[in-house]
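Undergrad: okay, here's the prediction I keep looking at, along with the sequence it came from:
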Amino acid sequence: MFEKVLIANRGEIAVRVLRACKEMGIQTVAIYSSADKNAMHVKLADESVCIGPASSLKSYLNIPAIISACEVSGADAVHPGYGFLSENFGFVEKLEAHNIKFIGPKSEHIKMMGDKILAKESARNLGLPTIPGSSGEIKNAKEAITVANELGYPVIIKASSGGGGRGMVKVFRKEDMDESLKKASTEAEKSFNDGRVYIEKYLQNPKHIEIQIIGDEYNNIVHLGERDCSMQRRNQKLIEETPSVVIDDDKRNEICNLTINSLKTMGYCNAGTVEYLYENGNFYFMEMNTRLQVEHPVSEEIYNFDLVKEQINVAAKYKLSSDQKKLKRNGHSIECRINAEDPNTFTPSPGLIKNYHAPSGPGVRVDSNCYSGLEISPYYDSLIAKLIVYDIDRNSCIQRLKRALDEFVIDGIKTTIPFFQEIITQKDFLNGSYDINWLEKYKEAN
Ligand code: MV4
């Protein structure tokens, strides 16, 4: 096993990973920017290294500074959390060159899934259902119009280096194709230094359903079922739950087995999530995230399985601690992402937390880096706490969520807590009939 793990992240996820390391008897190293000198992850770590000023580019994205921090602390492995360098294959290659283990997938798989054209082609070759569209890159408007005529409008142009919703343009009629294509590829060139784009049929009202998997270095892969992440606004997920009300046991077994068999063929290792759009009973591969995700706790709750400990285990070349047969799913779990934002406009609300009291009691988990007296800085994303509730079924889980939200006290800054208190009383949420567009429509009407 590793002796010392450096956590190349901040916020609640750095705390989450630290906790796993401590329980496994592994020494921990925190890195921090000058804006984070009073952060919880710094206080909880065995040692800490300041790696630069507040700006992410000069600190949490600063590869040479992080490699140096590994060297001076003598860390033998790095956990990247999510965001920042978690899907940067160049970082993984540099760690390997320094003989430091990256707690995550192989760099080749990170690279492949980062290229959305290649990812989709690989998924299709592995037998996963994909969204009808161009076979690879679209080079000009003539080609685009030919493909769109076959697909039928509307279509969507996506950047090959995009993902997570960045670099997408919808096209509703042939007359708009020329301009839309220019817009998409110019933006892609500017944002990602890669102007390649591709085209797909635009699915109008899908749900976002994703499958959590984890594999070891002996080609064993298990799934932890699906998560329904459809409750979102502008590509920011707000509520995630598992199981999804629209997926029955047969559908779950089918898509989960298809997913893990494909990833076994690839030789995929460590944690990953395959994201699908789900419409009219069909799954369509969208992209794969080669990292631990923000919403991993809901899957942990219903499978009673610690994904972070398991990531560390498999990175240290141990076998997965469980096989699919031994993994038993129980009950229901919902996560609310509590952000330091105005609950109506979702504009950031940094500042001093004057008083902080997290809910607890049966079935309540709070993953957070907050405490009374912490200053929330404007430099990083606004996630300050994840409220994860568990209960034996969806109805009791929602009742518990309401109770826990009512107990939560965060004074001094605005948070999205009131937003969740409102949403979970809505009929469409209560019966699970919401898709990726539901919130936008709700906001327009209210
Ligand atoms: C789509 C789509 C509809 N049709 N592709 C958004 C994130 C990026 N990974 C791909 N996304 C979408 N791709 C087709 N062919 C709608 C979205 C989309 C979306 C998907 C999941 C969750 C939230 C979303 C919000 C806006 C658009």
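TA: Noted; the coordinates are in hand. Residues are numbered from 1 along each chain as shown.

Undergrad: which residues of the stretch 301-446 of the chain fall in strands?
TA: Under the criterion DSSP state E, counting those that start in this stretch, the stretch 301-446 of the chain contains strands at 332-339, 351-352, 355-357, 364-368, 375-376, 383-391, 409-411.

Undergrad: now these in JSON lines, with distance to residue 27, mean pLDDT and mean neighbour count?
TA: No exception for glycine: its C-beta is placed from N, CA and C like everyone else's. Output for the strands of the stretch 301-446 of the chain, formatted as JSON lines (distance: least, CB to CB, whole Å; pLDDT from 0 to 100; neighbours: other CB atoms under 10 Å):
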{"stretch": "strand 332-339", "distance to residue 27": "30", "mean pLDDT": "98", "mean neighbour count": "25"}
{"stretch": "strand 351-352", "distance to residue 27": "32", "mean pLDDT": "98", "mean neighbour count": "13"}
{"stretch": "strand 355-357", "distance to residue 27": "28", "mean pLDDT": "98", "mean neighbour count": "13"}
{"stretch": "strand 364-368", "distance to residue 27": "22", "mean pLDDT": "98", "mean neighbour count": "19"}
{"stretch": "strand 375-376", "distance to residue 27": "28", "mean pLDDT": "97", "mean neighbour count": "18"}
{"stretch": "strand 383-391", "distance to residue 27": "26", "mean pLDDT": "98", "mean neighbour count": "24"}
{"stretch": "strand 409-411", "distance to residue 27": "32", "mean pLDDT": "98", "mean neighbour count": "16"}
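
Undergrad: figure out the length between the terminal residues of stretch 191-209.
TA: End-to-end distance for stretch 191-209, by CA to CA, to the nearest Å: 27 Å.

Undergrad: just put the strands of the stretch 301-446 of the chain in JSON lines and tack on distance to the ligand.
TA: As requested, the strands of the stretch 301-446 of the chain are exported to JSON lines (distance: least, CB to the nearest ligand atom, whole Å):
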{"stretch": "strand 332-339", "distance to the ligand": "14"}
{"stretch": "strand 351-352", "distance to the ligand": "29"}
{"stretch": "strand 355-357", "distance to the ligand": "30"}
{"stretch": "strand 364-368", "distance to the ligand": "22"}
{"stretch": "strand 375-376", "distance to the ligand": "26"}
{"stretch": "strand 383-391", "distance to the ligand": "17"}
{"stretch": "strand 409-411", "distance to the ligand": "27"}
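
Undergrad: same list, these, but as CSV with distance to residue 169 please.
TA: Formatted as CSV, these follow (distance: least, CB to CB, whole Å):
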stretch, distance to residue 169
strand 332-339, 27
strand 351-352, 36
strand 355-357, 42
strand 364-368, 35
strand 375-376, 34
strand 383-391, 28
strand 409-411, 38
